[in-house]
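1. Give me a model of this one.
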Amino acid sequence: MADDEDVTPEEGADEPEETGAEPQEPDAPPEPAPATEPTPPGDTKESAPEEEKQDTDPATWREVNQNFDEALRALLGDGGLRLGGPGTNNIFFGTTSVATLGDNHASGAPGRFEATLRSGPVSSTLLDRIRASFVEPAGYQRLKDALESRQLVFVRARSGSGRTTTALRLLDQTCRTGVRKLDPDTRLKALGADDFEDSHGYLLESLDPDQAAGLRLFHAEKLSQLMRDKGCMMIVIVGETVPLPPREVDDFVIDELGTIEPRTLLTRHVEWGLRGSSIESTAGALLSRPDVKEIIAEITEDVPPRELAELGALLVEVAHDRIDLERVRERYSRVTQTGFLEWFDEQSDPEQRAFVIALAVLNNETVTLVSDAAAILAKRIKAVEVPRRFDRAKPLFTTSLTQRLEAAKAELVQDTLKLKYGDVAVRKVRFNDDRFPRWLLDHICAQYSEEFEIVREWLTELGEQNNDRLSMRAAVAVGLLSVYDFPSIYSKIISAWATTDSYDPRWAAAAALQLPSRDPALSRLIGRLLTDWIKKPTMPMVLRRTAAQALGTTEAMSPEKVLSLLKYAARQDDLVLSFMIAESICRLFRQPEQRPAVLRALLNWTADEKFPQRRETGLRALIYISRFMDDVEVVESAEEWPIFLWVADQDADQRQQVLTLFGRVLIAAGFMHGGYARINNWVRRARRDQTLRAPLARFLYDVGRESGELESIREHLEYLASMKRSLAGTVRTLLLHFDERIVK
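-> Numbering: from 1, shown residues only. Down below sits the predicted model:
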């Protein structure tokens with residue numbers, strides 16, 4: 001990018017925004033240097049406050065997030081964020097679309113997607129997509145009648161039956177003002193009028209067994225009346241194994257939702273997937289093809305809705321000629337579970353078995369990374385199988401990669417890998433059947449306790465590697481296994497990662513906790529765990545740091561509660577903790593529906609006089625948002641818009657908040673350098689794209705007027721123009737807008 005080119009001012013090109021050494025690891029930062037005045041734009045970063053030098057490397061931070069998303073897709077198959085395990089109650093619409101900021105603000109035809117329902121407001125986008133693809137189960141009308149009659153319903157249905165999707169669709173249908181998901185640890189008996197917004201629908205996705213045992217008719221009737229008084233509706237999902245007190249709340253309980261005709265649901269998903277495309281009208285013809293009908297004929301009535309959604313998504317790919325139907329046939333005329341077990345038993349050689357286990361964790365990774373990880377695991381396996389070291393020798397060049405892949409039912413693919421200085425071509429290896437990684441890890445966990453101990457130790461070692469791709473793959477595998485055996489996995493792996501002083505293992509712990517936080521049966525536990533790590537005085541600081549990292553992405557609690565915990569943590573005098581909190585705030589800000597709450601929190605934090613550490617963390621979060629977040633593509637502009645400028649231009653209420661906050665950055669000792677550095681960056685963009693100049697001038701003028709720093713901003717721009725001849729014309733245009741605003 002031109003902003004990063006190291007060119008001298010005399011050559012007429014832009015000076016780099018920042019120079020000097022690479023950002024240091026933030027785990028052991030020195031004390032911040034005394035505050036300094038804003039650095040002139042021509043100076044190097046050596047003159048910036050020490051605080052600025054210790055900032056997190058944005059490339060590393062983004063890479064960690066990208067590696068986590070890729071690990072999810074690779075390990076969990078085409079469903080991406082789908083857990084697919086017992087008790088999983090996510091919303092399934094096929095393949096995951098991992099949203100970026102640009103995706104959130106882009107329009108286009110509906111695509112395949114899947115969402116994990118986070119506590120708090122349910123986005124209108126998600127509700128719209130459910131509305132477009134939903135098929136009513138046989139018991140839908142009975143459920144609707146019960147809800148409209150009592151305003152409160154307990155739904156007892158099996159996992160995977162579409163119970164969460166059905167509940168959301170019904171609440172959206174009956175409460176068009178909005179739908180919210182309650183925090184997993186919500187106590188129904190303690191709810192009052194202040195906990196609800198008028199005319200909203202509320203969903204509690206999992207009822208705690210202890211809470212269920214204490215429910216009485218009095219509590220249900222009281223809550224039902226409260227819903228009626230507020231014009232609200234509530235659905236509480238109860239697991240099949242969670243007993244409700246007999247004869248107490250029976251009148252409020254709906255058992256099972258009934259079946260959904262498979263072909264109807266499949267047709268709906270195909271039609272929805274093709275909507276808005278040039279072949280939208282071909283859904284009927286596609287499903288009537290003899291070869292497609294053969295696949296559909298194998299579907300039984302008990303196939304979960306998620307499987308039908310996935311098949312529909314794959315058929316949409318066939319309609320677009322992006323995959324061959326034979327690939328779909330292979331998936332749905334699948335190897336049976338028995339066939340998988342036979343295949344696993346055939347992997348008897350220690351090196352081969354280590355290879356397939358490593359591939360399960362590193363599916364669709366480079367050959368080198370998979371082979372290296374497999375070699376580490378093979379050494380551990382042979383140390384047990386062949387105790388005497390000198391008996392472990394083996395001849396070389398006996399098994400080729402082709403032979404390993406054939407035995408593993410895997411394939412080589414050509415791909416690219418993004419490195420610091422550009423993309424390079426690489427060979428990656430992946431299973432032919434993307435269910436194998438999940439099946440394999442589940443099988444080892446369930447059937448081989450001694451062998452699984454070796455795999456656990458190996459995963460722990462991978463998570464501690466100074467390699468983001470490797471540690472994120474290990475983290476996702478550990479997170480998946482924790483859904484089935486949380487006590488063991490937590491105590492032996494996640495806890496060890498969480499209590500280290502190194503950055504990568506802490507990231508691995510935070511990432512591993514994401515998957516159980518998405519499981520309704522475990523999310524309550526994860527929420528309490530993170531709360532203890534933040535609030536308990538006896539907890540070591542390293543656990544607070546790990547919790548702060550995890551809170552930005554956890555789905556175990558609502559964003560409001562996350563912000564409350566981060567606020568509590570932000571009063572601690574620990575610079576590394578402050579970095580972690582700022583990163584989590586940045587992640588929350590990425591979600592448009594959470595942005596108002598984040599801005600309100602930052603307004604509160606940056607005005608906090610009681611806890612200066614909290615104020616500094618709020619200011620640091622603002623710098624993180626402006627530096628590290630993806631910018632926004634605007635159709636009429638050649639350059640991406642800075643996120644603050646885009647938000648301020650789109651929403652009048654948020655504009656005032658952003659103006660106030662950025663103004664506070666410009667007058668804060670230790671942070672003003674970062675604020676003026678952002679202005680330098682924005683002016684350079686405006687030089688390349690004239691459409692940015694007017695909105696940028698309005699923004700800077702209003703920031704200056706709001707903060708009382710208008711003259712300082714003007715002087716800074718003039719100084720920038722004097723140091724950078726290439727920016728002089730852009731600065732003149734900006735200042736002309738300033739003068740026009742003053743005249744008006």
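2. Which strands or helices does the helix or strand harbouring P695 pack on?
-> Taking DSSP states H and E as the criterion, P695 maps to helix 693-707. Contact partners of helix 693-707 among helices and strands, from 3 or more CB pairs under 8 Å, 6 or more residues apart in numbering; DSSP states H and E: helix 643-650, helix 652-666, helix 672-688, helix 710-723, helix 728-743. For every residue, glycine as well, the C-beta is placed using N, CA and C.
3. looking at the ones you listed, which is closest to D574?
-> helix 672-688 (19.9 Å; CB to CB).
4. Show me what that closest one packs onto, helices and strands only.
-> helix 612-628, helix 652-666, helix 693-707, helix 710-723, helix 728-743.
5. so that helix versus helix 728-743, what angle?
-> 110 degrees (axes from the mean of the first three to the mean of the last three CA atoms, to 10 degrees).
6. for helix 672-688, which positions count as buried?
-> Neighbour counts over helix 672-688 (16 or more other CB atoms under 10 Å) mark 672-687 as buried.
7. from the residues you listed, which single one is nearest M541?
-> Checking the buried residues of helix 672-688 one by one against M541 (CB to CB), the nearest turns out to be G674, at 25.1 Å.
8. Leaving out chain neighbours, which residue sits closest to the closest one?
-> Of all residues not flanking G674 in the chain, I623 sits nearest, at 4.4 Å (CB to CB, 6 or more residues apart in numbering).
9. my read: the one you found touches L666, true?
-> No - using CB atoms under 8 Å, I623 is not in contact with L666, being 11.3 Å away.
10. Now for these two: what residues contact both?
-> G675 (CB atoms under 8 Å, 6 or more residues apart in numbering).
11. just to revisit the earlier point, most tightly packed of the helices and strands packed on helix 672-688?
-> Mean neighbour count (mean count of other CB atoms under 10 Å) peaks for helix 612-628 among the helices and strands packed on helix 672-688, with a mean of 24.
12. Can you show me the strands along the protein?
-> Listed from the start of the chain, the chain has strands (DSSP state E) covering 120-121, 152-156, 179-181, 201-204, 233-238, 253-255, 365-366, 410-419, 422-431.
13. Reformat those strands as JSON lines; add mean neighbour count.
-> What follows is the strands of the chain, written out as JSON lines (neighbours: other CB atoms under 10 Å):
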{"stretch": "strand 120-121", "mean neighbour count": "20"}
{"stretch": "strand 152-156", "mean neighbour count": "24"}
{"stretch": "strand 179-181", "mean neighbour count": "24"}
{"stretch": "strand 201-204", "mean neighbour count": "24"}
{"stretch": "strand 233-238", "mean neighbour count": "25"}
{"stretch": "strand 253-255", "mean neighbour count": "15"}
{"stretch": "strand 365-366", "mean neighbour count": "20"}
{"stretch": "strand 410-419", "mean neighbour count": "13"}
{"stretch": "strand 422-431", "mean neighbour count": "15"}
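14. Indicate which one of the ones you listed is closest to S523.
-> strand 179-181 (10.4 Å).
15. Looking at the buried residues of helix 672-688, which is nearest R329?
-> R685 (50.0 Å).
16. For the closest residue to that closest one other than its chain neighbours, give me the pLDDT.
-> Closest residue to R685 apart from its sequence neighbours, by CB to CB, 6+ apart: E639 at 4.6 Å. With respect to pLDDT, E639 has a value of 85.
17. Also E453?
-> pLDDT at E453 comes out at 90.
18. now do the one 5 residues further on
-> We have a pLDDT of 94 for W458.
19. In this structure it contacts L377, no?
-> Yes - contact criterion CB under 8 Å: W458 and L377 qualify, at 4.8 Å.
20. on that earlier part again, now do the helix holding P695 and helix 643-650, the angle between them.
-> Going by the same axes, to 10 degrees, helix 693-707 makes 90 degrees with helix 643-650.
21. Off-centre distance for helix 693-707?
-> 33 Å (CA atoms, centre = their mean, to the nearest Å).
22. Stretch 686-701 now?
-> 32 Å.
23. sorry, back to before: could you tell me the least trusted of the helices and strands packed on helix 693-707?
-> helix 728-743 (a mean of 87).
24. could you say what helices and strands it packs with?
-> helix 672-688, helix 693-707, helix 710-723.
25. Flag the shaky bits of the stretch 551-700 of the chain, pLDDT-wise.
-> 630 (pLDDT under 70).
26. same thing with the chain?
-> In the chain, residues with pLDDT under 70: 1-62, 77-118, 330-338, 387-398, 630, 743-744.
27. center of it - which residue?
-> Nearest residue to the geometric centre of the chain (CA atoms, centre = their mean): T553, 5.6 Å.
28. In contact with that one, which residues?
-> A510, A511, Q514, S584, R587.
29. mind redoing it with 10 Å?
-> 65, 68, 118, 510-511, 513-514, 517, 562, 583-584, 587-588 (CB atoms under 10 Å, 6 or more residues apart in numbering).
30. mind listing which of the residues you listed are in helices?
-> Counting by DSSP state H, the contacts of T553 place N65, F68, A510, A511, Q514, S517, V562, E583, S584, R587, L588 in helices.
31. measure the fourth one to S517 for me?
-> Right, A511. As judged by CB to CB, to the nearest Å, A511 and S517 stand 11 Å apart.
32. Need the residues touching each of those two.
-> By CB under 10 Å, 6+ apart, the residues touching both A511 and S517 are G479, A550, T553.
33. ok, how many other residues are close to the nearest residue in space to the second one that is not next to it in sequence?
-> Nearest non-adjacent residue to A550, counting by CB to CB, 6+ apart: A510, 3.8 Å away. Number of residues near A510 (other CB atoms under 10 Å) recorded here: 29.
34. A510: what's it in contact with?
-> Counting by CB under 10 Å, 6+ apart, A510 makes contact with 64, 68, 475, 494, 497-498, 530, 545-554, 580, 583-584.
35. Output the helices and strands packed on helix 672-688 as a markdown table; include the columns distance to L522.
-> Output for the helices and strands packed on helix 672-688, formatted as a markdown table (distance: least, CB to CB, whole Å):
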| stretch | distance to L522 |
| --- | --- |
| helix 612-628 | 29 |
| helix 652-666 | 35 |
| helix 693-707 | 44 |
| helix 710-723 | 50 |
| helix 728-743 | 53 |
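36. which stretch among those comes nearest L405?
-> When the helices and strands packed on helix 672-688 are compared (using CB to CB), the closest one is helix 612-628, at 38.8 Å.
37. mind listing what S449 touches?
-> S488.
38. on that earlier part again, now the helices and strands packed on helix 693-707 in CSV, please, with extra columns for distance to T174.
-> What follows is the helices and strands packed on helix 693-707, written out as CSV (distance: least, CB to CB, whole Å):
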stretch, distance to T174
helix 643-650, 31
helix 652-666, 29
helix 672-688, 46
helix 710-723, 51
helix 728-743, 49
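39. Which among those helices is found nearest to K428?
-> helix 643-650 (32.8 Å).
40. Please save the CA atoms from the closest one in PDB.
-> Below are the C-alpha coordinates for helix 643-650, written out as PDB (Å, rounded to 0.1, in the frame of the first residue of the first chain):
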ATOM      1  CA  ILE A 643     -14.300   3.300   9.600                       C
ATOM      2  CA  PHE A 644     -14.900   6.400  11.900                       C
ATOM      3  CA  LEU A 645     -15.500   8.600   8.900                       C
ATOM      4  CA  TRP A 646     -18.000   6.100   7.400                       C
ATOM      5  CA  VAL A 647     -19.900   5.700  10.700                       C
ATOM      6  CA  ALA A 648     -20.000   9.400  11.200                       C
ATOM      7  CA  ASP A 649     -21.300   9.900   7.700                       C
ATOM      8  CA  GLN A 650     -24.100   7.300   7.900                       C
END
